[in-house]
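# predicted model, plus sequence, below.
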Amino acid sequence: MPSPSFQVETVHLSQFRQGSPKERAEFIRVLGDSFRHTGFVKVAGHAVRQADVDGAYASARAFFALPEAVKRRYLVPGSGGARGFTPFGSEHAKDNPVGDLKEFWHVGQELPAGHPLKPAYGDNLWPEAEVPDFKAHTLALYRALEDCAGTLLEALALYLGLPERSLADMIVDGNSILRIIHYPALRDRYLEGGVRSSAHEDINLITLLPAATDSGLQLRDRSGAWHAVDGLAGEIVADAGDMLSRHVNLKIPSTTHRVVNPASPEAVRYSMPFFCHPRPEVVLDCPEALLGAGETRRFEPITAHAFLMQRLREIGLI
Ligand SMILES: O=C(O)CCC(=O)C(=O)O
Ligand SMILES: [Fe+2]
């Protein structure tokens, strides 16, 4: 039975940015409680422009419609798919040997020449010849989602009683990834036993999902029941990942979620999760101020980079 209190709340980000002190406090409370109880929250009233979301979806449609051989020109073997194209069926969840029924493209942090982290991140790839506006559209969305994530992390830090910028500062110039996913029609491409996105937890701090082009996203509550979580058009669904959960000593869960296969073999789906990562050297270690009386840390400190490598091996990307 689903637990009756299991409710992914919707918050209006403008209340945090421009609201009265009372509205701001209410925003922080509703956002924090929703994250704490469900690992998810829905965000309306944000500054991510629909034109940027639509532009990125248009570029995604154009790119994934290209012949497989052309798409594979943007595959970087041995790179863990950190940039560019990852073919259908490559990624699998930790506990599922069958690849997910999806192909995707990763846009990474785009830093100016000479930035000390540029060599570590490597360069983005762009399908300039085939989809000329792919770069402009996806980078605009990347920046807007990164900004939104910073604000959500400010509110979350305040909810937890931490300094306002303590979580948001971790992601400045962070190793964040915009993943542009195409789930083809099952009629066209299918792997026996495969699902669009098998049950998993996200690795990163938080994930922001502009509304997908179709339903299918579900999250699992503590009793094991699955709930559909579809943001309305224009809303962003946000969820907490393992890095955040670990950093806050499990005070916020990294909730298991999946994307189920559609009833219709014709249905195509696109989605664009933004995986918000710290800079590689940032240490995930529960702040003293978060530990209650007698509470001990459940995890050893680990850098964001070491944690990411450990998890990428588990899901078959490196
Ligand atoms: O496609 C979606 O809606 C979610 C995908 C997802 O959970 C992921 O890529 O981590
Ligand atoms: Fe996910």
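Received it, and whenever you're ready, just let me know what you need. Ligands and ions are numbered 1, 2, ... in the order given.
# in the sheet, who's paired with the residue in the chain positioned nearest to ligand 1?
As assessed by Cβ to the nearest ligand atom, ligand 1 sits closest to Ser271 within the chain, at 3.3 Å. Where C-beta positions appear, they are placed from N, C-alpha and C, glycine not excepted. Beta bridges link Ser271 to Ile181 when assigned by DSSP bridges.
# what's the neighbour count on it?
When neighbours are counted by other Cβ atoms under 10 Å, Ser271 registers 25.
# contact partners for it?
Counting by Cβ atoms under 8 Å, 6 or more residues apart in numbering, Ser271 makes contact with 181, 183, 209, 212-213, 217, 259.
# can I get those residues in a markdown table with distance to His200, secondary structure and neighbour count?
As requested, the contacts of Ser271 are exported to a markdown table (distance: Cβ to Cβ, whole Å; DSSP: H, G, I helix; E, B strand; the rest coil; neighbours: other Cβ atoms under 10 Å):
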| residue | distance to His200 | secondary structure | neighbour count |
| --- | --- | --- | --- |
| Ile181 | 13 | strand | 21 |
| Tyr183 | 15 | strand | 28 |
| Leu209 | 14 | strand | 23 |
| Ala212 | 16 | coil | 20 |
| Thr213 | 21 | coil | 16 |
| Leu217 | 12 | strand | 25 |
| Val259 | 10 | strand | 24 |
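# so which of those also contact ligand 1?
Applying Cβ under 6 Å from any ligand atom, the subset of those adjacent to ligand 1 comprises 181, 209, 212, 217, 259.
# and the residues you listed as TSV, adding pLDDT?
Formatted as TSV, the ones next to ligand 1 among the contacts of Ser271 follow (pLDDT from 0 to 100):
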residue	pLDDT
Ile181	98
Leu209	98
Ala212	96
Leu217	97
Val259	97
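# the closest residue to Leu219 other than its chain neighbours pairs with what?
Nearest non-adjacent residue to Leu219, counting by Cβ to Cβ, 6 or more residues apart in numbering: His257, 4.4 Å away. Beta-bridge partners for His257, by DSSP bridges, are His200, Leu219.
# ok, His257 - how many residues close by?
23.
# pretty sure Leu308 is touching Ile177, no?
No. At 10.2 Å, Leu308 does not count as touching Ile177 under the criterion of Cβ atoms under 8 Å.
# mutual contacts of those two, please.
His277.
# quick one: neighbours of Phe64, just the number.
By other Cβ under 10 Å, neighbour count at Phe64 equals 21.
# gap between the spatially most central residue of the chain and Pro278?
Compute the mean C-alpha point of the chain, and by Cα atoms, centre = their mean the closest residue is Thr207, 2.8 Å away. Look at Thr207 and Pro278: by Cβ to Cβ, to the nearest Å, they are 14 Å apart.
# which other residues reach stretch 284-301?
160-162, 166, 243, 246-251, 278, 283, 302-304, 307.
# of those residues, which belong to helices?
Mapping those onto helices (DSSP state H) picks out 160, 243, 246-247, 304, 307.
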